[in-house]
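>>> my questions are about this predicted structure, shown below with the sequence.
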2 protein chains.
Amino acid sequence: MINKNAPIGVFDSGVGGLTVAREIMRQIPNERIVYFGDTARVPYGSKSKETVTRYARQIVRFLQTQEVKAIVVACNTASAYALDEIEKEADIPMIGVVKPGAKVAAEATSNGKIGVIATEGTINSGIYSSYIKEIKPDVSVIGKACPLFVPLVEEGLLQDPVTDEIAKRYLTELIDIGIDTLILGCTHYPLIRSTVGRIVGEGVTLVNPAYETAKELKELLEAEHMLNEEAAKLGDNKYRFFVSDAAEKFKHFANSIIKYGILSAKTIHIEEY
Amino acid sequence: MINKNAPIGVFDSGVGGLTVAREIMRQIPNERIVYFGDTARVPYGSKSKETVTRYARQIVRFLQTQEVKAIVVACNTASAYALDEIEKEADIPMIGVVKPGAKVAAEATSNGKIGVIATEGTINSGIYSSYIKEIKPDVSVIGKACPLFVPLVEEGLLQDPVTDEIAKRYLTELIDIGIDTLILGCTHYPLIRSTVGRIVGEGVTLVNPAYETAKELKELLEAEHMLNEEAAKLGDNKYRFFVSDAAEKFKHFANSIIKYGILSAKTIHIEEY
C-alpha cells in the first residue's frame, strides 16, 4: 500500500533542480518534498552516461530510505542518461524533466523548428529529439550544448554583459535556422530566462521543463489517487534537503531561489548507498 | 627497499594537473609517470575540505596499487585541503603544488605584495598565505578566487574577449593593491598565462607552481637517490593515464597539452579504492 502522505523525492546534480522543486511547491503546495543535490559530484552535464547512471542509482536508493512515494529526476542530464534504467528497477512512479518539456515543445511549434539548449550530455543523448519526433515526426530539432551557462549562473551573473555575449554565441545558430520554440533543457537555465528570451526575441516560445514537470507530476498523483490528504505544514519537516557536500553553501543558494526559508540541509555520504 | 625504476604518481581533479605532468616530463624526462584525473568528480575547487580529502585518500590508495615511488598532488585544492592528512598516512614521499609556488613567490617579491589567484577552496584555506608568511612574515598575501577561469579554459576560450573581460574583473583588485608577484594557484591557469600576464602588466612576476613543483620533485629524487636509472622509453608504458570517467574526452584534451602523443587513458571506478 502506498502512503499518500509520504514525501516526493526530487533530485539533481546540485542546485539546479531547485527550480523544479519550486514549481512543485507552487503547483501542489500540499505535498512534502525530500530534495537531494549531489553537490560532491556536480556537474553531471560533462560526464558519461555510465557514470551519471551509477550516481542516479545511488540517489534513488537513498531517497527510498526516506520512504518517498514518487521520484522526480529534476536534472536533464540524469533524465536523458539514467531514467530508462532506474525506472525499471523502482517500484514507485518516476518522472524526468525531458518528456514533459518535449511534449509541450511539440505542441507549441508552428513552423516545426524547435531548438534545445542543454548540457553536453543531454545534447549528445539526442533524447529531446527522440521524444519530440515520437509525437510529431516531421519537426526539426536542433540541439546546442551551452557548457558555460551553468558556471555563469552559479557565479550569479544572471544579468551581465558576459552572459549576454556567451548567450549570443550559443544562440546565433538557432536564430539563423529560424526556430520558433526553444526548450530550456537544463534546470539552471530558467534562472537566465530573461537574457535568453531577449536574445532569441519575442517570436520564440520558451519552454521551461520545470513548470511542465510539476504539472505532469500533479496529474500523475491525481490519476493514481496519490495526492497528499494531510495538510502538511511548513516547519513540520515539510521540505527536507540533503546534499553530498557543502550544506551551508547549498542552503545559501537555495534560499535565493526558494522563498520558503530553507532551515537546514544535511550532508550525507551518497557513495555509501 | 624503494624501486627507483617505479613510476611517479601524479593526480588531479581532472585535466589541469597535466600542466604539472608536462613539467615533470620536461625536467626529468627519464621518469615514468602514472597520472590519475578524477574526471567523474571534477571540479574540486568548489567542494569542501572533508570531501576533497576523502577523494584524495581514495586516489592515493589507487596509485599505491600501481606501485609508485612518490606522489605529486598536482591540484592546488587537494594540496591545500588534503596533503597534510594523506602525507601522514603514506610511506612514500609526497609533494603538493602549493609549497613550491609559495617559496618562489616569497623569493620573487620586492615590494612585499603577493597576489594569489586560485579556486574558492584554495583561497578559503588560506594556505598560500600561511606558507609564504612562514618564509617571509612581513609580506601581504592577497587571495582572489576566480571560479570562472576553469570552465573558460575547459571550453577552450584561452584567447578570447570574454576571458579578457572576466580576467579584468578578477584582477583589478590585485592591480589596485599594487602586487608585484602573482601566483597562478590553480593548475588550469598556466593555460591562460598570456591573458593574465597582459592584464596585470609586465611589472608583475607570474609564478607557475607547476614548474616549481617539477623542480622540487627532481631535487627530492636526487637527494633521496631515487632517480630512475633505466632509460624508460616512450611506448614502453612510460606514461600511463587513468581517469574516473570519460577517457576519450580526457585523451583528446591531454593530447592538446602534452605533445608526446597519449595513446590511451583507462577508466577506473575510483570510489572502490
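Happy to help now that I have it.
>>> which SS class is the closest residue to A:Thr119 other than its chain neighbours?
Excluding its sequence neighbours, the residue lying closest to A:Thr119 (C-beta to C-beta, 6 or more residues apart in numbering or on different chains) is A:Gly45, at 2.6 Å. Quick note: C-beta positions are derived from backbone N, CA and C, even for glycine. Assigned state for A:Gly45: coil (three-state reduction, DSSP: H, G, I helix; E, B strand; the rest coil).
>>> and A:Ile95, by the same measure?
What three-state DSSP gives for A:Ile95 is strand.
>>> tell me how many other residues surround it.
21 (other C-beta atoms under 10 Å in any protein chain shown).
>>> show me what it is bridged to.
Taking DSSP bridges as the rule, A:Ile95 bridges to A:Val72.
>>> same question, A:Val10
Beta-bridge partners, per DSSP bridges, of A:Val10: A:Tyr35, A:Val72.
>>> distance of it relative to chain B?
From A:Val10 over to chain B the distance is 22 Å, taken as C-beta to the nearest C-beta, to the nearest Å.
>>> and that residue, what does it touch?
A:Gly17, A:Val20, A:Ala21, A:Ile24, A:Ile33, A:Val34, A:Tyr35, A:Phe36, A:Ile71, A:Val72, A:Ala74 (C-beta atoms under 8 Å, 6 or more residues apart in numbering or on different chains).
>>> I'd like the residues you listed laid out as CSV, including distance to B:Ala90, neighbour count and pLDDT.
Shown next, in CSV, are those (distance: C-beta to C-beta, whole Å; neighbours: other C-beta atoms under 10 Å in any protein chain shown; pLDDT from 0 to 100):
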residue, distance to B:Ala90, neighbour count, pLDDT
A:Gly17, 38, 27, 96
A:Val20, 43, 28, 97
A:Ala21, 42, 28, 96
A:Ile24, 47, 23, 97
A:Ile33, 43, 19, 96
A:Val34, 39, 23, 97
A:Tyr35, 38, 29, 97
A:Phe36, 34, 27, 98
A:Ile71, 41, 26, 98
A:Val72, 43, 31, 98
A:Ala74, 40, 31, 98
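>>> just curious, which of those is nearest to A:Leu182?
A:Val20 (18.3 Å; C-beta to C-beta).
>>> contacts only, for the closest residue in space to the closest one that isn't next to it in sequence.
Among residues not flanking A:Val20 along the chain, A:Ala74 sits closest, at 3.7 Å (C-beta to C-beta, 6+ apart). Contacts for A:Ala74 (C-beta under 8 Å, 6+ apart) come out as A:Val10, A:Phe11, A:Asp12, A:Gly16, A:Gly17, A:Thr19, A:Val20, A:Ala21, A:Val97, A:Thr187, A:Ala210, A:Thr213.
>>> thought the fifth one was touching A:Cys75?
Yes. Applying C-beta atoms under 8 Å as the test, A:Gly17 and A:Cys75 come out as touching, 5.6 Å apart.
>>> now do the shared contacts for those two.
A:Phe11, A:Thr187.
>>> contacts for the helix or strand harbouring A:Phe253 next, please.
Assessed by DSSP states H and E, A:Phe253 sits inside helix A:247-257. Outside of helix A:247-257, the residues within contact range by C-beta under 8 Å, 6+ apart are A:14-15, A:18-19, A:22, A:37, A:39, A:154, A:191, A:241, A:243, A:261-262, A:264-267, B:46.
>>> also stretch A:167-177?
Counting by C-beta under 8 Å, 6+ apart, A:113, A:115, A:117, A:140, A:142, A:144, A:146, A:149, A:182, A:192, A:195-196, A:199-201 sit against stretch A:167-177.
>>> would you mark the buried spots in that stretch?
A:Ala167, A:Tyr170, A:Leu171, A:Leu174, A:Ile175 (16 or more other C-beta atoms under 10 Å in any protein chain shown).
>>> what lines up beside the host helix or strand of A:Ile114 in the sheet?
For A:Ile114, the element it lies in under DSSP H and E is strand A:113-118. The strands that strand A:113-118 pairs with in its sheet are strand A:140-145 (parallel), strand A:181-184 (parallel) (by DSSP bridges).
>>> so what's the gap between that strand and the chain middle?
Centroid separation between strand A:113-118 and its chain, computed with C-alpha atoms, centre = their mean, to the nearest Å, is 16 Å.
>>> next, see if the helix or strand following that strand gets close to chain B.
Remark: after strand A:113-118, the chain's next helix or strand is helix A:120-125, criterion DSSP H and E. No. Judged by C-beta under 8 Å from any C-beta of the partner chain, helix A:120-125 makes no contact with chain B; its nearest approach is 9.2 Å.
>>> the helix or strand just after helix A:120-125 to strand A:113-118, inter-axis angle?
The helix or strand immediately downstream of helix A:120-125 is helix A:127-135, counting by DSSP H and E. Helix A:127-135 runs at 150 degrees relative to strand A:113-118, counting by axes from the mean of the first three to the mean of the last three C-alpha atoms, to 10 degrees.
>>> pull the residues that contact helix A:127-135.
A:79-80, A:98-99, A:101-103, A:105-107, A:114, A:116, A:118, A:122, A:139, A:141, A:143, A:183, A:185.
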